[in-house]
Structures are given as structure tokens and as C-alpha cells.
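> Kindly generate the corresponding structure for this input.
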Amino acid sequence: MSSTTPAERRRRMNALPPLRESDADAINGFLDALWAETGAARNTLDAYRRDLEGIARWRDGAGGGLAALDRAALFDYLAMRSREGYSPRSNARLLTALRAFFAHLRRRGVRDDDPVALVEPPRQPRPLPKALGEAQVAALLDAPDVGTPTGLRDRAMLELMYACGLRVGELVQLPATAVNLRQGLLRVTGKGGRERLVPMGEEAQHWLERYLSQARPVLAGGRTVPALFLGPDGHPPSRQRFWATVKQAAAAAGIDPARISPHGLRHSFATHLLNHGADLRALQMLLGHSSLSTTQIYTLVAREKLRQLHARHHPRG
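Here you go, the predicted model:
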């Protein structure tokens with residue numbers, strides 16, 4: 001079987017038998033325990049659920065269901081995913097979800113072995129984050145029509161994401177109480193429920209104040225709503241809706257869609273700070289990374305930019 005497109009893979013997944021009740025109970029019990037024990041983020045829980053339900057539906061209860069999965073069946077499933085073109089990153093996440101699932105079963109005494117033990121995760125290339133140039137960021141931020149409530153909201157969201165280096169999920173889930181305009185600070189709840197304080201900067205604060213005074217009351221429609229950013233229906237925009245907003249702003253700014261990503265402004269925030277001399281430890285705190293090694297990838301972006309500048313402008317480059 002040759003590699004398939006993501007759309008074809010989704011169609012095949014939708015054609016699988018529905019999830020059996022016993023598998024659903026096992027998965028729900030695991031995810032509830034994972035959340036209670038580790039405070040795993042909602043996006044992580046959702047991703048684990050998709051991965052576990054996918055292999056459970058593929059098995060359709062064979063051999064006792066997902067809780068009785070053996071190594072031979074796991075290898076068959078991984079081989080199928082390899083033929084269909086699933087990425088190494090996707091397969092690595094599947095193995096991570098399965099390891100956590102079977103560790104949970106072992107703690108409960110349901111299993112005394114782990115079929116994922118000694119299974120090597122696929123090697124993954126480490127792609128460099130795609131950062132926009134500073135002029136491109138300026139054009140992107142200028143793109144929304146601030147003459148409308150939603151346009152003013154979009155401008156404030158884009159400004160805040162770039163000024164504070166926010167993840168998309170962090171941005172759309174911000175409560176109004178996270179903002180301290182007097183001190184110019186934003187309280188952000190990141191992965192694992194970890195909180196951090198991030199300075200907004202004058203420009204982002206200006207647009208946020210305009211949004212709060214001119215647009216948010218209109219979008220709230222007189223209701224008391226806890227979310228900071230609201231859509232026309234009075235509810236916060238989804239991550240997918242905001243991603244569409246970024247794509248629209250990029251098109252209006254004349255930016256190649258291949259140069260933008262859901263975290264494009266976050267990557268640009270980090271890269272531009274490093275380019276202007278920011279300390280790596282300070283950047284780690286601003287981004288909310290638990291490990292400095294995660295932050296260090298941005299130094300590779302900065303070095304690559306310097307290498308390109310040298311090759312382009314040095315007489316012996």
C-alpha cells in the first residue's frame with residue numbers, strides 16, 4: 001500500500017468500527033487518572049485519546065481489546081501506519097500514549113507486562129521553527145481591519161501573541177482576569193498548569209486597551225463573560241478559528257502561507273529577542289519552557305540566519 005494523504009487517512013479512520021464500550025471505559029479511566037496525577041493539558045489528553053481510540057478501533061476488540069494488546073499486534077499496527085505515511089512525530093506520540101496507558105494498567109494490576117517496552121521510537125528530524133522577519137511581522141499585525149469589533153480583537157490578539165510569545169491555546173483561553181494593565185503584565189497558564197508572568201509591552205497594551213474599551217463590550221452583548229477574547233457569539237474563538245485569522249492576515253500582508261504556522265508569532269517572538277541580545281534563561285521563562293534544551297532550538301534559528309547573512313554579504317562567503 002502506498003503512502004496516503006491525511007484526508008484519505010481520516011476517511012479510513014472514519015470507516016473503522018465504532019469504539020467498543022470496554023475499550024472506551026479503559027481509555028477514559030486512564031485519561032482521568034493521567035489528568036489527576038499529572039495535570040496534563042487538555043490538548044495532550046485529546047491527542048492521547050485520538051491515538052488510543054485509533055488503535056482500539058483498528059483492533060475492534062480482537063484478543064481482548066486494547067488492554068490485552070500484544071507486541072505482534074502493535075508491530076502490525078505500526079507497519080500499517082508506516083505504509084500509509086504517518087509521520088515519525090505522529091508515531092512517536094502514539095508510542096508515548098501507549099506507554100503511559102500500559103503503565104497505568106500495570107499500576108492497577110490489570111497487566112504485569114508492557115508490550116511497548118523496548119520498542120524504539122522512530123527517529124525524528126528536528127525542524128527549525130519558522131520565524132517571520134521583523135518587517136513581515138509588522139505587516140501581519142497591521143493587516144486586520146480595526147474599524148470592526150472583530151478586526152480590533154484580531155489586532156489585539158496578534159499583538160499580544162507576538163509581544164508575549166504565547167502559544168495559540170494559551171492565547172484563546174486567556175481569562176479577562178489574566179490582564180494587569182496597571183503593571184503591564186499578563187498572567188499565563190501554560191502546559192501542565194504552570195503559571196508565568198509576561199510583560200506585554202506598550203504597543204500590545206495599547207491595542208489591548210482599545211479592544212477592551214471599544215470591541216469587547218460589543219462582542220459580549222451586555223453579558224458577563226470570563227474569557228478575554230470573544231467572538232460575535234460571545235464565546236472565545238477556537239484555536240482553529242484563530243489559525244484561520246492568522247492565515248487571512250498573512251494573505252492580506254502578502255506573506256507566503258508556507259512561511260506561517262499556528263505558532264509563527266511565538267517563534268518570531270523568540271527569534272527576534274535572541275537576535276536583539278536576549279538571555280536564553282530569560283527567554284525560557286518568557287516562553288514557559290520547562291527545559292532549557294527546548295528553548296535552545298531558537299539559537300539554531302539565529303545561527304542559521306547569521307550564516308545566510310554571511311554567505312550573502314561577505315566577499316568570501
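> CA only for contacts and neighbour counts going forward, please
OK.
> residues near the residue nearest to Pro175 when sequence neighbours are not counted, how many?
Distances taken as C-alpha to C-alpha, 6 or more residues apart in numbering place Ala227 nearest to Pro175, at 4.3 Å, with adjacent residues excluded. Counted with other C-alpha atoms under 10 Å, the burial measure for Ala227 works out to 18 neighbours.
> right, and Ala227 touches Gly234 too?
No: with contact taken as C-alpha atoms under 8 Å, Ala227 and Gly234 are classed as non-touching, separated by 9.1 Å.
> if I look at the residue nearest to Pro175, how far off is Val172?
Between Ala227 and Val172 the computed distance is 8 Å (C-alpha to C-alpha, to the nearest Å).
> Which neighbours do these two have in common?
With C-alpha atoms under 8 Å, 6 or more residues apart in numbering applied, the overlap between the contact sets of Ala227 and Val172 consists of Pro236.
> related to what we said a few turns ago, report the contact partners of the residue nearest to Pro175.
With contacts defined as C-alpha under 8 Å, 6+ apart, Ala227 is in contact with Gln173, Leu174, Pro175, Ala176, His235, Pro236.
> Highest neighbour count among those?
Using other C-alpha under 10 Å as the contact criterion, the top neighbour count among the contacts of Ala227 goes to Pro236, which has 22 neighbours.
> Please, which helix or strand holds that residue?
With the criterion set as DSSP states H and E, no secondary-structure element contains Pro236; it sits in neither a helix nor a strand.
> For Glu234, give me phi and psi.
That one is not Glu; residue 234 is Gly. Geometry field for Gly234 lists phi and psi as phi 80, psi 0, criterion degrees, to the nearest 10.
> My error: substitute Ala227 in the last question.
Dihedral angles phi and psi of Ala227 (degrees, to the nearest 10) take the values phi -70, psi 150.
> repeat for the one 5 residues further on
Comment: the main-chain dihedrals of Pro232 come out as phi -60, psi -20, following degrees, to the nearest 10.
> how close does it sit to Pro149?
Pro232 is 9 Å from Pro149, by C-alpha to C-alpha.
> ok, now Val198?
Separation of Val198 from Pro149 (C-alpha to C-alpha): 26 Å.
> same thing with Lys130?
30 Å.
> now do Pro6
The gap separating Pro6 from Pro149 is 35 Å, by C-alpha to C-alpha.
> Among those two, which residue is more densely surrounded?
The residue with more neighbours, out of Pro6 and Pro149 and counting by other C-alpha under 10 Å, is Pro149; that gives 20 against 12.
> Run a quick neighbour tally on the closest residue in space to that one that isn't next to it in sequence.
In this structure, Pro149 finds its nearest non-sequential neighbour in Ala215, 4.5 Å apart by C-alpha to C-alpha, 6+ apart. Other residues within reach of Ala215 by the criterion other C-alpha under 10 Å amount to 22.
> quick one, helices of the stretch 201-317 of the chain?
According to DSSP state H, counting those that start in this stretch, the stretch 201-317 of the chain carries its helices in the segments 202-210, 216-220, 239-252, 264-275, 280-287, 292-295, 297-313.
> hey, least reliable of those helices by pLDDT?
Across the helices of the stretch 201-317 of the chain, the stretch with the lowest average pLDDT is helix 297-313; it has a mean of 56.
> now the helices for the stretch 51-200 of the chain?
With DSSP H, counting those that start in this stretch as the definition, the stretch 51-200 of the chain shows helices at residue ranges 71-83, 88-107, 134-142, 149-164, 168-172.
> average pLDDT for the last one?
If you average the pLDDT over helix 168-172, you get 92.
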